[in-house]
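**Q** Got a sequence here, can you model it:
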Amino acid sequence: MHEIPPRLPKRHWPLLNWLVRQIFRLLGWRIEGTLPNLPKAVIAIAPHTSNWDFVIGMSAVLALGLQASWLGKKGLFRGSLGKLLCFLGGIPVDRRHPEGLLEQIVAACRQESQILLGITPEGTRQATTSWKNGCCRIAAGAQIPLVPVALDFSRKQIRIFPHWIPDQEMDKNMQRLSRHFSAEMAKKPANFLPHSHGPQSAKDLPMETRHPGS
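**A** Numbers count the residues shown, from 1 in each chain. Below is the predicted model:
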């Protein structure tokens, strides 16, 4: 398991981190590449075609001992399940009020001294060519790196690609991002389609991270 760069936000749960690392290895998964040694980043995670994406991604976060955040539907954060999702870094958001949400997230990223925000740019487990550009808009607005991370089920690898800070040309940013991912990586290849050009707005901020049992 990789050493974590010192400036990244961390959570030290020694027993849990060790246990998940052992399970991760037994399942045959490994991590390729290195996260940037920076205190803030937006992690763009794809392909997103199955509930297993959440399981594998969260397992990697726990195995590495990272402090990571992700966006989820407000309705999921109820009772004991909600407490568990918050414990795992979930941030409940209300999709009925998308306008201004992106600006709030950008402001939060600017204010926090450390933050890793994970987002699935496809925004859905179903095949779509209209990827959500919220990950690029947040990174550009907060002037923090965007890190593409692939869940490669064909090789059982979590592949970390070189990062950059997006500019205001969102379609160019999205084309650059989507080049890192392919259908052969996906748990369900038939559910993956590459991003294609199309106008987007604040309502396109992806908030469809789901609990594995949903």
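**Q** what stretches of this protein score poorly on pLDDT?
**A** Filtered on pLDDT under 70, the chain yields the residue ranges 1-2, 94-99, 197-214.
**Q** all strands of the chain, in order?
**A** 30-32, 40-46, 69-73, 90-93, 115-119, 146-152, 157-160 (DSSP state E).
**Q** Show me which of the ones you listed has the highest average neighbour count.
**A** strand 40-46 (a mean of 26; mean count of other C-beta atoms under 10 Å). Where C-beta positions appear, they are placed from N, C-alpha and C, glycine not excepted.
**Q** which other helices and strands contact it?
**A** Counting contacts by 3 or more C-beta pairs under 8 Å, 6 or more residues apart in numbering; DSSP states H and E, strand 40-46 packs against strand 115-119, helix 134-142, strand 146-152.
**Q** Could I get the ones you listed in JSON lines, plus columns for distance to C109?
**A** Putting the helices and strands packed on strand 40-46 into JSON lines (distance: least, C-beta to C-beta, whole Å) gives the following:
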{"stretch": "strand 115-119", "distance to C109": "6"}
{"stretch": "helix 134-142", "distance to C109": "4"}
{"stretch": "strand 146-152", "distance to C109": "12"}
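**Q** related to what we said a few turns ago, which of the strands of the chain sits closest to R176?
**A** When the strands of the chain are ranked by proximity to R176, the top entry is strand 146-152, at 8.7 Å, counting by C-beta to C-beta.
**Q** List the contacts of that closest one.
**A** The contact list for strand 146-152, computed with C-beta atoms under 8 Å, 6 or more residues apart in numbering, reads 35-36, 41-48, 53, 56-57, 135-136, 139, 157-161, 163-166, 173, 177, 180-181, 185-187.
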